[in-house]
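Colleague: Take this sequence and fold it.
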Amino acid sequence: MTDLRTGALWLALAEPAGPPGSGRRRYGAAMALHAAGALSTAQLEAYREAATADAVEPFRVMADRGLAPPAAPAPDAAARLAHLMAETDRCLAALSGPGIAETRTLLAPALLQKPDPRPGRANLVVETHMDTALEAAKTIDPTLAAAIAAATGDLTWITYDAYPPDQIGPHFASSHAFCSLIGAAAPWTASDFDLGLFLVAPGILYRDHAHPRPSFTCRSPARIAGVSPLTESSARFPRCSRSGTRR
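Modeller: Sure, this is the predicted structure:
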């Protein structure tokens, strides 16, 4: 078992209780760690019992039995990113719509490859708004929110200020940040595919627009909730009317 795999398993073991399927996923990680000698048989049994209900905390089961919880090593950056990619794929698997299957096919190789962490300079938008966004996201998908929080510092966040203000809106250029997980200069390299995270400050409207290549955005106020296909076009910002205005 590689260090990367072990680190990702420890992160999976720490998945918050509650989300559907979380008990089974924690128990699956526990079985792998037990096989590697990282968990005792008694600890594994506690995870097995907790897996019968997603809301049951394994540590509570251990406490009731007088067991010490497992001492998880601090995961390195590559393990944090690998866990985030796995959670991204899990989230996409629950969605339906144009582009989902193709996107999962294109990201599948990353699930088997070691990422190259790309930490960048501090980003004001991320520092100001990420915690608030993740607190809201925890109410929808706490596992994905935790994975993003853990890996935020391992990524290069960019606020792109070259958008035409009259087309994208006067405030948008200084009120967003994005990072690539897969792409030309991302932790997983690809020349014809880009997958990443996008943060927009509260009160900023992200205008409808199009890209030269097919693309889609999974977006909602504080969660990945559905697919909004974007129209193919050679124009960069066609039919923009209100994006970037404060609401």
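
Colleague: where along this protein do the helices fall?
Modeller: Taking DSSP state H to define them, one finds helices in the chain at 3-13, 22-35, 41-50, 58-64, 77-93, 100-107, 124-138, 142-151, 165-168.

Colleague: With mean neighbour count and distance to residue 193 as extra columns, can I get those helices in a markdown table?
Modeller: For every residue, glycine as well, the C-beta is placed using N, CA and C. What follows is the helices of the chain, written out as a markdown table (neighbours: other CB atoms under 10 Å; distance: least, CB to CB, whole Å):
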| stretch | mean neighbour count | distance to residue 193 |
| --- | --- | --- |
| helix 3-13 | 20 | 22 |
| helix 22-35 | 19 | 27 |
| helix 41-50 | 18 | 36 |
| helix 58-64 | 16 | 37 |
| helix 77-93 | 21 | 13 |
| helix 100-107 | 15 | 5 |
| helix 124-138 | 16 | 24 |
| helix 142-151 | 21 | 19 |
| helix 165-168 | 16 | 24 |
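
Colleague: got those as a markdown table, with mean pLDDT and distance to residue 209 columns?
Modeller: Shown next, in a markdown table, are the helices of the chain (pLDDT from 0 to 100; distance: least, CB to CB, whole Å):
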| stretch | mean pLDDT | distance to residue 209 |
| --- | --- | --- |
| helix 3-13 | 85 | 35 |
| helix 22-35 | 93 | 36 |
| helix 41-50 | 95 | 46 |
| helix 58-64 | 93 | 45 |
| helix 77-93 | 92 | 22 |
| helix 100-107 | 91 | 19 |
| helix 124-138 | 93 | 19 |
| helix 142-151 | 92 | 24 |
| helix 165-168 | 83 | 8 |
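
Colleague: for those, which one sits closest to residue 115?
Modeller: helix 77-93 (4.3 Å; CB to CB).

Colleague: Compile the helices of the chain into CSV and extend it with columns for distance to residue 70.
Modeller: Conversion of the helices of the chain to CSV gives the following (distance: least, CB to CB, whole Å):
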stretch, distance to residue 70
helix 3-13, 7
helix 22-35, 8
helix 41-50, 6
helix 58-64, 9
helix 77-93, 16
helix 100-107, 30
helix 124-138, 23
helix 142-151, 18
helix 165-168, 48
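
Colleague: right, and those - which one's nearest residue 205?
Modeller: Nearest to residue 205, of all those, is helix 165-168, at 10.0 Å by CB to CB.

Colleague: For that closest one, name the packing helices and strands.
Modeller: Contacts defined by 3 or more CB pairs under 8 Å, 6 or more residues apart in numbering; DSSP states H and E place helix 165-168 against no helix or strand at all.

Colleague: Spatially nearest residue to residue 17 (excluding sequence neighbours)?
Modeller: Spatially, and ignoring its direct neighbours in sequence, residue 17 is nearest to residue 57 (4.9 Å; CB to CB, 6 or more residues apart in numbering).

Colleague: Pull the number of nearby residues for that neighbour.
Modeller: Using other CB atoms under 10 Å, residue 57 has 14 other residues around it.

Colleague: I'd say it and residue 51 touch.
Modeller: No: counting by CB atoms under 8 Å, residue 57 stays clear of residue 51, with 11.7 Å between them.

Colleague: Next up, the contacts around residue 174.
Modeller: With contact set as CB atoms under 8 Å, 6 or more residues apart in numbering, residue 174 has these partners: 125, 159, 161.

Colleague: now with 7 Å?
Modeller: Contacts for residue 174 (CB atoms under 7 Å, 6 or more residues apart in numbering) come out as 159, 161.

Colleague: mind checking how far it is from residue 19?
Modeller: Counting by CB to CB, to the nearest Å, the separation of residue 174 from residue 19 is 34 Å.

Colleague: Same check on residue 8?
Modeller: As judged by CB to CB, residue 8 and residue 19 stand 18 Å apart.

Colleague: To residue 213, which of the helices of the chain lies closest?
Modeller: Closest to residue 213 of these is helix 100-107 (CB to CB; 11.9 Å).
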